[in-house]
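**Q** Compute the structure for the input listed below.
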Amino acid sequence: MRFGIYFAYWESEWKADYKAYIEKAARLGFDVMELSYAPMPEFSQAYMRELRACAQANGIVLTAGYGPVASQNLSSPDPQIVKNAKAFFSEMLKRLELMGIHSIGGGLYSYWPVDFSQPVDKARDWATGVKNVREVAREAQDRGVDFCLECLNRYEGYLLNTAKEGLAFVQEVDVPSVKLLLDTFHMNIEEDSFYDAILTAGKYLGRLHTGEANRRVPGQGTLPWNEIGRALRAIDYQGDVVMEPFVRMGGTIGREIKVWRQIVDQVDEAALDHDAVRALQFSRFVLGRQ
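**A** So this is what the prediction gives:
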C-alpha cells in the first residue's frame, strides 16, 4: 500500500509549482503526490518530461485527478459535447503517458460540479456514459493508464454516488483499465457502511481518497478509520491511499470546493506540513498495518 497526498492541500489555485510539491512529498515521507490535470493542457512537452524526471529522482509516484467541465462530459446527450470530450480525453491520456502518470481519477464519466438547475435523466446518461467511457478506457489501457471513476456525493454528482452504483457501472464498461475511486468524504454522506462499501468495490478499487468529514487530514475528525483499515485488509488492497484534505479558504480551489472558512487554526506552510506528517503516520498505522 502506498500513501500520498493531493498538492491542493497547500494551494488556492489549480496551477502551481508541481516540481516543488513533488520534492515536498518526498521530504515529508510520502510515496505518492497527486496533481490536478486542470493546468496540464498548457504544459510544454519539456516541462512534462521534467515532472517525470523530478518524480523519478525523488522516488515519488505521480497520480492525477480531474473534474471534467460541462464541455468534456462523456455522458452528455449532445453528440458535439461527447465528440469534444473524447478528443479531450485522448489528448489527456497522451500527456499522462508522457509524464509517467499511470492513474487518473475523478468524476471522469460526467462533469463537475453538476448544474442541478438543469433536468437530470440518470438512466439515459448512464447508458451514454458506459458506452463512451468504454471507448476512452480502451485507449487508456493501451497507454497504461488506470481510469478511476470516483463515486461522488449527491451534491456534486448524480450518476455514481455509492460503491454499489460504481461497481455496476464499471462492470458494464468491462474494460480492465476502468477502476473505482472511493473517497471517505463522499462515502460519509452516501454509504451505510464504510466497511461494506470497500468490500463492494473489492478488486475494482483503484484508489482511495482519505479525509475527514470536516475536510481535515485523517485523524482530525470522526470517521471510523479502524473500520476502514479492516476493510482494506479484508480485500487485500495494495493500491494508493491519497489524502485529499481541503482546509484553506480562498482562490479558485476554495471557491470550487466550497471552503468558506479556514478549517484549521493555522494554515501557514509549517503548520500544514506538520499536520500532513502526523496524518501520514496515523494512516500508515491505522490503514496499512498488517
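
**Q** how many neighbours does the residue nearest to M1 when sequence neighbours are not counted have?
**A** Distances taken as C-beta to C-beta, 6 or more residues apart in numbering put G288 closest to M1, at 4.9 Å, once the chain neighbours are dropped. C-beta: built from backbone N, CA, C; applies to glycine. G288: 15 surrounding residues under other C-beta atoms under 10 Å.

**Q** same question, K83
**A** Residues near K83, counting by other C-beta under 10 Å: 12.

**Q** quick one: secondary structure of it?
**A** Of the three states, K83 takes helix according to DSSP: H, G, I helix; E, B strand; the rest coil.

**Q** what's the distance between it and G211?
**A** Remark: distance between K83 and G211 (C-beta to C-beta, to the nearest Å) = 35 Å.

**Q** try G105
**A** 14 Å.

**Q** Next one: the residue nearest to M1 from Q238, what distance?
**A** 10 Å.

**Q** Report the set of residues contacting both of those two.
**A** Counting by C-beta atoms under 8 Å, 6 or more residues apart in numbering, the contacts common to G288 and Q238 are M1.

**Q** Tell me where the stretch 151-290 of the chain has helices.
**A** 163-173, 184-190, 194-201, 225-234, 251-257, 269-286 (DSSP state H, counting those that start in this stretch).

**Q** export those helices to a markdown table and tack on distance to N73, mean neighbour count and mean pLDDT?
**A** Formatted as a markdown table, the helices of the stretch 151-290 of the chain follow (distance: least, C-beta to C-beta, whole Å; neighbours: other C-beta atoms under 10 Å; pLDDT from 0 to 100):
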| stretch | distance to N73 | mean neighbour count | mean pLDDT |
| --- | --- | --- | --- |
| helix 163-173 | 15 | 20 | 98 |
| helix 184-190 | 19 | 21 | 98 |
| helix 194-201 | 24 | 21 | 98 |
| helix 225-234 | 31 | 18 | 97 |
| helix 251-257 | 17 | 16 | 95 |
| helix 269-286 | 33 | 16 | 97 |
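
**Q** Reformat those as JSON lines; add distance to V69.
**A** JSON lines is the format used below for those (distance: least, C-beta to C-beta, whole Å):
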{"stretch": "helix 163-173", "distance to V69": "21"}
{"stretch": "helix 184-190", "distance to V69": "20"}
{"stretch": "helix 194-201", "distance to V69": "27"}
{"stretch": "helix 225-234", "distance to V69": "31"}
{"stretch": "helix 251-257", "distance to V69": "11"}
{"stretch": "helix 269-286", "distance to V69": "28"}
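
**Q** nearest to N132, of the ones you listed?
**A** The minimum distance between N132 and those falls on helix 163-173, with 9.6 Å, by C-beta to C-beta.

**Q** relative to helix 194-201, how tilted is that closest one?
**A** 10 degrees (axes from the mean of the first three to the mean of the last three C-alpha atoms, to 10 degrees).

**Q** Report all helices and strands that helix 163-173 contacts.
**A** helix 122-142, strand 146-150, strand 178-183, helix 194-201 (3 or more C-beta pairs under 8 Å, 6 or more residues apart in numbering; DSSP states H and E).

**Q** swap the cut-off to 10 Å and go again
**A** If you count contacts as 3 or more C-beta pairs under 10 Å, 6 or more residues apart in numbering; DSSP states H and E, helix 163-173 packs onto helix 122-142, strand 146-150, strand 178-183, helix 184-190, helix 194-201, strand 205-210.

**Q** Any idea how far it is from the middle of the chain?
**A** The chain centre lies 17 Å from the centre of helix 163-173; the measure is C-alpha atoms, centre = their mean, to the nearest Å.

**Q** now stretch 55-72
**A** On C-alpha atoms, centre = their mean, the centre of stretch 55-72 falls 9 Å from that of its chain.

**Q** okay, how far is it across it, tip to tip?
**A** 28 Å (C-alpha to C-alpha, to the nearest Å).

**Q** Give me the buried stretch members for it, please.
**A** 55, 58, 60-68, 70, 72 (16 or more other C-beta atoms under 10 Å).

**Q** Kindly report the same for stretch 17-28.
**A** Buried, per 16+ other C-beta under 10 Å, within stretch 17-28: 18, 21-26.

**Q** Adding distance to A46 and secondary structure, write the residues you listed out as CSV.
**A** Output for those, formatted as CSV (distance: C-beta to C-beta, whole Å; DSSP: H, G, I helix; E, B strand; the rest coil):
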residue, distance to A46, secondary structure
Y18, 14, helix
Y21, 19, helix
I22, 16, helix
E23, 18, helix
K24, 22, helix
A25, 22, helix
A26, 22, helix
